[in-house]
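A.B. asks: My questions are about this predicted structure, shown below with the sequence.
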Amino acid sequence: MTNIARKYYYEYYQDLDYSFLDLNEKILTGDINNSKNSFDKINKVNTTKLKERSKAFLQFNLSTYINDLIEYGYEISPHYFVLEVRYPGFLSGSGLMHDIGMEGEFKLGFTFDHTTGLPCIDGSSVKGKIARVFPRFSIQELKLVKENLVERCNQNDEYYTEENEKLQFKFDKATDLFTLYNTKIKLEQNNTIDWENPEWLEFIHRLEQNLFQGYDTIGVSRQNMYDRDQFHTAHISRETARHTNIFADDTINPHNGFLKEPLPVYFLKINPGVKFRFCFNFKDGVISSVEKCNLTKEILLAEGIGAKNKRNYGRLR
């Protein structure tokens with residue numbers, strides 16, 4: 001079986017002529033002579049190789065790897081769910097280095113599993129995405145919000161001042177999260193919530209501490225590492241259709257100026273239709289372990305995961 005990670009980060013740039021780097025430096029310093037012609041010839045050969053190698057990634061079919069897909073963490077992950085990548089696809093690891101300035105190359109990095117070389121979503125990425133939905137109130141901020149809870153719920157204009165903007169943003173995140181929990185997990189109507197009662201704010205704060213900081217249900221002491229909630233790496237699921245191609249290519253065109261021509265960025269992405277199995281080991285706490293799993297699923301469905309969410313990449317169903 002081809003290790004895709006090795007192919008992407010090592011074999012992809014193997015056997016290229018790197019003398020173009022020295023020639024490019026000479027051209028930039030004005031020492032041209034025959035450097036420009038030599039540079040163009042080398043660049044043409046390298047570009048042809050890279051385009052062929054890029055095209056080869058689009059042919060990786062899941063049927064080749066179906067027997068090697070590891071159901072990683074199944075034994076230690078009592079909680080899991082499977083979600084499918086929606087159009088336009090999924091991108092993770094774009095901040096990793098993968099660019100030598102050649103045409104035809106994939107410009108962005110990618111996250112692969114160390115064992116199989118297949119694409120994966122790090123558990124830390126999943127945990128970070130879920131954590132971003134929570135308000136992250138400090139003790140002092142929580143106290144201030146409670147003191148003005150009635151006015152905030154009634155959207156009094158004096159609480160939308162510039163210095164209160166950050167606190168209001170966190171408050172809005174808390175209301176959105178509690179609404180999601182109440183309607184999707186508890187299956188209750190929004191009109192049953194007493195927003196002016198500070199208990200729901202305390203609930204969100206304790207849930208956040210329990211999930212991400214390892215505090216007990218009353219938020220007093222921290223639990224040992226084995227009693228805390230664990231977010232495991234998500235891998236491609238066997239439930240993905242066998243004929244599905246793992247990858248697709250795509251291009252974005254960032255504009256560096258109003259009158260400047262955009263510079264296309266060519267990159268690799270996960271194809272729509274690929275399914276990932278998200279695995280966890282949740283513990284009963286402020287809410288039950290099953291509720292934590294369901295809440296995590298609803299957040300991922302609402303927010304997506306990975307890079308370029310604002311362009312609708314990483315949306316799941």
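C.D. replies: Noted; the coordinates are in hand.
A.B. asks: any chance you could map the helices in the stretch 151-300 of the chain?
C.D. replies: Taking DSSP state H, counting those that start in this stretch as the test, the helices found in the stretch 151-300 of the chain are 165-180, 199-212, 289-303.
A.B. asks: what stretches of the stretch 51-200 of the chain score poorly on pLDDT?
C.D. replies: 65-76, 150-163, 189-192 (pLDDT under 70).
A.B. asks: Let me know whether residue 177 touches residue 136 as I believe.
C.D. replies: No: with contact defined as C-beta atoms under 8 Å, residue 177 does not count as touching residue 136 (11.3 Å). C-beta coordinates here come from the backbone N, C-alpha and C atoms, glycine included.
A.B. asks: These two: who's more crowded?
C.D. replies: residue 177 (19 against 14; other C-beta atoms under 10 Å).
A.B. asks: So for residue 123, which of the helices of the stretch 151-300 of the chain sits nearest?
C.D. replies: Between residue 123 and those, the shortest gap by C-beta to C-beta is with helix 289-303, which sits at 11.7 Å.
A.B. asks: so what does the closest one touch, helix or strand wise?
C.D. replies: strand 79-84, helix 123-133, helix 165-180, strand 275-281 (3 or more C-beta pairs under 8 Å, 6 or more residues apart in numbering; DSSP states H and E).
A.B. asks: Make TSV from the ones you listed and add distance to residue 107 to it.
C.D. replies: Listed next are the helices and strands packed on helix 289-303 as TSV, based on distance: least, C-beta to C-beta, whole Å:
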stretch	distance to residue 107
strand 79-84	26
helix 123-133	20
helix 165-180	33
strand 275-281	24
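A.B. asks: so which of those comes closest to residue 92?
C.D. replies: Here helix 123-133 is closest among the helices and strands packed on helix 289-303 (C-beta to C-beta), at 6.7 Å.
A.B. asks: in that closest one, what counts as buried?
C.D. replies: 123, 125, 126, 127, 129, 130, 133 (16 or more other C-beta atoms under 10 Å).
A.B. asks: so what's the fifth one closest to, chain neighbours aside?
C.D. replies: This means residue 129. Nearest non-adjacent residue to residue 129, counting by C-beta to C-beta, 6 or more residues apart in numbering: residue 305, 5.0 Å away.
A.B. asks: For my notes, confirm the one you found occurs in a strand.
C.D. replies: No: applying DSSP: H, G, I helix; E, B strand; the rest coil, one finds residue 305 to be coil, outside a strand.
A.B. asks: residues contacting it?
C.D. replies: Contacts for residue 305 (C-beta atoms under 8 Å, 6 or more residues apart in numbering) come out as 90, 92, 121, 125, 126, 129, 314, 316.
A.B. asks: How about the last one, nearest residue that isn't a chain neighbour?
C.D. replies: The reference is to residue 316. Going by C-beta to C-beta, 6+ apart, residue 316 has residue 83 as its nearest residue, at 4.1 Å.
A.B. asks: In what element of secondary structure is residue 50 found?
C.D. replies: helix 35-57 (DSSP states H and E).
A.B. asks: Which elements pack onto that helix?
C.D. replies: helix 4-9, helix 20-28, strand 247-252, strand 265-270.
A.B. asks: give me that answer again for 6 Å
C.D. replies: helix 20-28 (3 or more C-beta pairs under 6 Å, 6 or more residues apart in numbering; DSSP states H and E).
A.B. asks: same question for the helix it packs on, mean pLDDT?
C.D. replies: Average pLDDT, helix 20-28: 62.
A.B. asks: Would you reformat the contacts of residue 305 as JSON lines and include distance to residue 17?
C.D. replies: Listed next are the contacts of residue 305 as JSON lines, based on distance: C-beta to C-beta, whole Å:
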{"residue": "90", "distance to residue 17": "34"}
{"residue": "92", "distance to residue 17": "31"}
{"residue": "121", "distance to residue 17": "36"}
{"residue": "125", "distance to residue 17": "36"}
{"residue": "126", "distance to residue 17": "41"}
{"residue": "129", "distance to residue 17": "41"}
{"residue": "314", "distance to residue 17": "37"}
{"residue": "316", "distance to residue 17": "42"}
